[in-house]
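Asks: could you work out the structure for the sequence below:
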Amino acid sequence: MTHHRLPCSTPHCPSLSALGLGFLAGLIALDVPAAPPAPVAPIITSAATRFTDNGNGTVTDSITGLIWLKNANCFNLQVWNAALSLANGLANGTCGLTDGSTAGQWRLPNRNELQSLIDYTRSSPPALPIDHPFTSVASGGYWSSTTYLPNPSTAWAVNLPDGYVTFGNKSGPGYLWPVRGGL
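Replies: Reported below is the predicted structural model:
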């Protein structure tokens with residue numbers, strides 16, 4: 001995935017509002033499905049109270065209500081279209097899932113959902129809350145389902161080592177982290 005850093009005057013760019021680019025503000029409305037806005041300030045809660053390991057290959061986030069695949073790197077690097085397809089096809093018996101889920105219940109998260117996992121108080125990989133329950137978190141960019149509208153051949157991604165929100169060419173490789181719920 002070719003990453004393009006968004007302009008920013010601070011070490012981390014936690015939200016579009018921090019960028020001061022008014023024309024990009026409309027992108028939030030285009031994220032499908034709807035999601036809570038990405039946090040601007042760190043959420044003060046411990047990973048132990050925020051995340052619940054369901055014991056079936058899934059982790060529930062008590063802040064967003066989203067259910068994440070516990071194995072954050074089941075599919076390795078993929079181009080964007082393959083990432084969408086693999087996430088949508090995820091089902092019980094794959095990637096350590098024993099939750100009874102079926103194909104079509106999982107999806108690629110939108111940009112805000114993916115960014116909601118970031119702990120902006122951490123600067124070393126990964127930029128997730130300390131003691132999070134996820135396994136195999138890759139040190140790289142994770143695809144979102146959100147296309148970067150100024151260039152439809154690119155999509156938004158979140159770089160896990162530092163939490164940067166970025167975009168990359170859809171034909172380049174990126175990681176995928178399936179999610180369900182939140183609708």
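Asks: in contact with the residue positioned nearest the centre of the chain, which residues?
Replies: Centroid-nearest residue in the chain, with C-alpha atoms, centre = their mean: residue 114, separated by 2.3 Å. For residue 114, the contact set (C-beta atoms under 8 Å, 6 or more residues apart in numbering) comprises 142, 144, 157-158, 177. Bear in mind the C-beta positions are built from the backbone N, C-alpha and C, glycine included.
Asks: and the two most separated of the residues you listed?
Replies: 157 and 177 (10.7 Å; C-beta to C-beta).
Asks: look at these two and report which has more neighbours.
Replies: More neighbours surround residue 157 than the other of residue 157 and residue 177, with 30 against 26 (other C-beta atoms under 10 Å).
Asks: wasn't the residue nearest to the centre of the chain part of a helix?
Replies: Yes. Going by DSSP: H, G, I helix; E, B strand; the rest coil, the assignment for residue 114 places it inside a helix.
Asks: measure it to residue 100 for me?
Replies: Relative to residue 100, residue 114 is positioned 25 Å away (C-beta to C-beta, to the nearest Å).
Asks: what does residue 141 give?
Replies: Distance from residue 141 to residue 100, by C-beta to C-beta: 31 Å.
Asks: with residue 91 instead?
Replies: According to C-beta to C-beta, residue 91 stands 9 Å off from residue 100.
Asks: please apply the same query to residue 49.
Replies: Taking C-beta to C-beta as the measure, residue 49 and residue 100 are separated by 26 Å.
Asks: which is the next helix or strand following the lowest-mean-pLDDT helix or strand in the chain?
Replies: For the chain, the helix or strand with the lowest mean confidence is helix 27-30, at a mean of 37 (criterion: mean pLDDT, DSSP states H and E). Once helix 27-30 ends, the next helix or strand along the chain (criterion: DSSP states H and E) is helix 47-50.
Asks: so where do the helices sit in the chain?
Replies: For the chain, the helices identified by DSSP state H occupy 27-30, 47-50, 80-89, 111-115, in order along the chain.
Asks: so for residue 170, which of those helices sits nearest?
Replies: Put simply, out of the helices of the chain the one that sits nearest residue 170 is helix 80-89, at 3.7 Å, with distance taken as C-beta to C-beta.
Asks: in the closest one, what's buried?
Replies: Buried residues in helix 80-89, counted by 16 or more other C-beta atoms under 10 Å: 80, 82-84, 86-88.
Asks: and the contacts of it?
Replies: With C-beta under 8 Å, 6+ apart as the contact definition, helix 80-89 has outside contacts at 75, 78, 103-104, 106-108, 143, 145, 155, 170-171, 174, 176, 178-179.
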